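compute the structure for the input listed below.
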Amino acid sequence: MTNDKSLRGSRDNSRSLDRLNTTSSAASTVAPLPSTGFRSVHASRELLSARSTASSINNLSNFSDYGDGTLRESNKKKLGSIGSMLGVREPSTITIRTIREESEIFTVKFSPTDEYLVAGLGNGDIQVYSLRNSGHVTTLINPGPTALPCTSIVFRPDYVDPKNRNILVAGYADGKAIHWHCTTGQKLGTIEEEDNQINSVHYFRDGSLFATTGSDCCIRVYDSNTQKLATNLFTGIGDVTAGHSNRIFSVKFHPKDPNFLISGGWDNTVQMWDTRTKHSMRSFYGPHICGDSLDFDDTGEKILTGGYSREDQIQIWSWSDTKLLDTIQFSASEATQPTPQSQPNQSHIQPPTHETKRTCMIYSAQFSHGSGSLSGIIGSAKSFVSQGPAQQTTPNRWILAGGGGGGSVKSQNVQYLNEVRMFNSNSKKAIGAVQGFQNAVYSVALSQSDKLMACGGGTKMLYIFDVDQNEYAY
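All right, here's what the predicted structure looks like:
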């Protein structure tokens, strides 16, 4: 995703309306597991088997889409779940919808009312799906002469104009920012940024402003009503900070003050901007940002970063003084012993123990911002299991992150995994995971109700996980 050559994708505008498949299965009752930490993919295989029925879908690589509206089991090797630290107290229903796309998926977003889900593709198209009737609504096609990816999407807050809902702005690698009405497919306006590849777009929460950023290291803030440039941010101040020196991949407005923004990218810095002074006022060094992996909590006091690195991927920082507050490890070490070779008079010698680090480098990370409750996701990349009731959640209760690297192969005692994990933002413990993706996950999204999770990436598949929640004491 961070390679410029990957920005080009094949273009095929033909679309089938029956690509949205739904599979449900009842899960067996399983005794709660002790919360002793994340279990390995192999350790939970027996639990996964006990929880499943013959018709359930337990893994991404375990089923194939035959294009006739059904999913059939393939002969591929099954993988287990690592998200088994939580037990299912009552039988649950797992609902999984998969959509095969024509190109890689760079961004996924839910609409503010959770009625629609949109996916920005590597061929420049945006697919719009209805979550009410599980149908394809329309395809938003970039009218430009080149088929470069749609890299970022953000919906305009609906309360800005209740009569004109479902408006989004999409950023493209050809430098365009296009406003669309996503249900009718009407193009409302286009902004072209010369010599720039837009990697991120974001709205201020009242919808009055939106920002773009990308390959030219600048942040542009636009007036939402006129779509005219309000501020251009690109420099630092004296010896305090110099601004960005390389591509920017994520920008976010402060949730309470439209004058403040944060941004991060390839230069391993997170810059904090003030539109009134038109420069970066301070920064901190560390996270290597390669996707939409910056976020504020709802108070604006904490910053979440998801780094494309082997260690210290998920971190929480202070907005006021840039201090590191917490680090959430996405990595785990696993001790292994090679098979001993039989040699005369050396049968008592034990082979040395080697440690393999299992890790995932992050492309996408976010706090939950909805008002619902999602108590856990468990399973391989074909199962999304509820662990809790539909209850009022605390603000920003969850942290969702996904990524990959190396195509799930081992190198230098490191195994790179393509996966999605959810963490409790208070305990910092992982409460669930989705594994088994053949390629990296570029984008993850939580619905406003916190009851739906979607993700997509290099597999060219959009995955939607719908949770039926049962009684659970977290």
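
hey, let's count contacts and neighbours off CA atoms from now on
OK.

for residue 324, give its distance to residue 251.
Computed as C-alpha to C-alpha, to the nearest Å, the residue 324 to residue 251 distance reads 19 Å.

which of the two has more residues huddled nearby?
More neighbours surround residue 251 than the other of residue 324 and residue 251, with 29 against 15 (other C-alpha atoms under 10 Å).

other residues contacting the helix or strand containing that one?
Per DSSP states H and E: residue 251 is located in strand 248-253. For strand 248-253, contacts defined as C-alpha atoms under 8 Å, 6 or more residues apart in numbering pick out 199-204, 211-219, 259-266, 289-296.

quick one: which of those residues sit in strands?
Taking DSSP state E, the ones among the contacts of strand 248-253 that sit in strands are 199-203, 211-214, 219, 260-265, 294-296.

now the buried members of those residues.
Buried residues within the ones in strands among the contacts of strand 248-253, counting neighbours by 16 or more other C-alpha atoms under 10 Å: 199-203, 211-214, 219, 260-265, 294-296.

so who does residue 425 touch?
Contact partners of residue 425, counting by C-alpha under 8 Å, 6+ apart, are 396, 397, 398, 399.

from what I see, the first one and residue 369 are in contact.
Put plainly, it is residue 396. Yes. At 5.5 Å, residue 396 and residue 369 qualify as touching, with contact defined as C-alpha atoms under 8 Å.

now do the shared contacts for these two.
Common contact partners of residue 396 and residue 369 (C-alpha under 8 Å, 6+ apart): 297, 298.

quick check: which element contains residue 433?
For residue 433, the element it lies in under DSSP H and E is strand 430-434.

now for residue 311, how many residues are close by?
So residue 311, with other C-alpha under 10 Å, has 17 neighbours.

ditto for residue 189
The number of residues packed near residue 189 is 12, by other C-alpha under 10 Å.

part of a strand, is it?
Yes. The assignment for residue 189 is a strand, going by DSSP: H, G, I helix; E, B strand; the rest coil.

name the nearest residue to it, sequence neighbours excluded.
Nearest non-adjacent residue to residue 189, counting by C-alpha to C-alpha, 6 or more residues apart in numbering: residue 179, 5.2 Å away.

distance check, the one you found against residue 245.
Distance, residue 179 to residue 245, by C-alpha to C-alpha: 29 Å.

for the two, work out which one has more neighbours and name it.
Between residue 179 and residue 245, counting by other C-alpha under 10 Å, residue 179 is the more crowded of the two (22 against 16).

so where do the strands sit in the stretch 201-350 of the chain?
Applying DSSP state E, counting those that start in this stretch to the stretch 201-350 of the chain gives strands spanning 209-214, 219-223, 229-233, 248-253, 260-265, 269-274, 279-285, 294-296, 302-306, 314-318, 324-328, 332-336.

so which elements touch the third one?
Counting contacts by 3 or more C-alpha pairs under 8 Å, 6 or more residues apart in numbering; DSSP states H and E, strand 229-233 packs against strand 219-223.

after the strand holding residue 433, next one along is what?
The element immediately downstream of strand 430-434 (helix or strand, assigned by DSSP H and E) is strand 441-446.

so what strands line up beside that following strand?
The pairing partners recorded for strand 441-446 under DSSP bridges are strand 452-457 (antiparallel).

all strands for the stretch 351-474 of the chain, in order.
Applying DSSP E, counting those that start in this stretch to the stretch 351-474 of the chain gives strands spanning 354-359, 361-367, 398-404, 410-411, 414-416, 419-424, 430-434, 441-446, 452-457, 461-467.

mind putting these into TSV with mean pLDDT and mean neighbour count?
Conversion of the strands of the stretch 351-474 of the chain to TSV gives the following (pLDDT from 0 to 100; neighbours: other C-alpha atoms under 10 Å):
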stretch	mean pLDDT	mean neighbour count
strand 354-359	80	18
strand 361-367	97	29
strand 398-404	94	28
strand 410-411	58	12
strand 414-416	86	22
strand 419-424	90	24
strand 430-434	82	26
strand 441-446	96	28
strand 452-457	94	25
strand 461-467	82	23
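
dump these into CSV; add distance to residue 122 as well.
Shown next, in CSV, are the strands of the stretch 351-474 of the chain (distance: least, C-alpha to C-alpha, whole Å):
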stretch, distance to residue 122
strand 354-359, 26
strand 361-367, 15
strand 398-404, 17
strand 410-411, 27
strand 414-416, 23
strand 419-424, 20
strand 430-434, 23
strand 441-446, 11
strand 452-457, 10
strand 461-467, 12
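
which of the ones you listed sits closest to residue 279?
Nearest to residue 279, of all these, is strand 361-367, at 25.4 Å by C-alpha to C-alpha.

what angle separates the closest one from strand 419-424?
Counting by axes from the mean of the first three to the mean of the last three C-alpha atoms, to 10 degrees, strand 361-367 points 40 degrees away from the direction of strand 419-424.

and strand 361-367, what does it pack onto?
Judged by 3+ C-alpha pairs under 8 Å, 6+ apart, strand 361-367 is in contact with strand 294-296, strand 302-306, strand 398-404, strand 441-446.

and residue 221, how far from residue 187?
Residue 221 sits 20 Å away from residue 187, going by C-alpha to C-alpha.

what's the answer for residue 253, then?
Distance of residue 253 to residue 187, computed by C-alpha to C-alpha: 25 Å.

of these two, who's got more company?
Between residue 253 and residue 187, residue 253 has the larger neighbour count (other C-alpha under 10 Å), namely 24 against 17.

I am finished for the moment; much appreciated.
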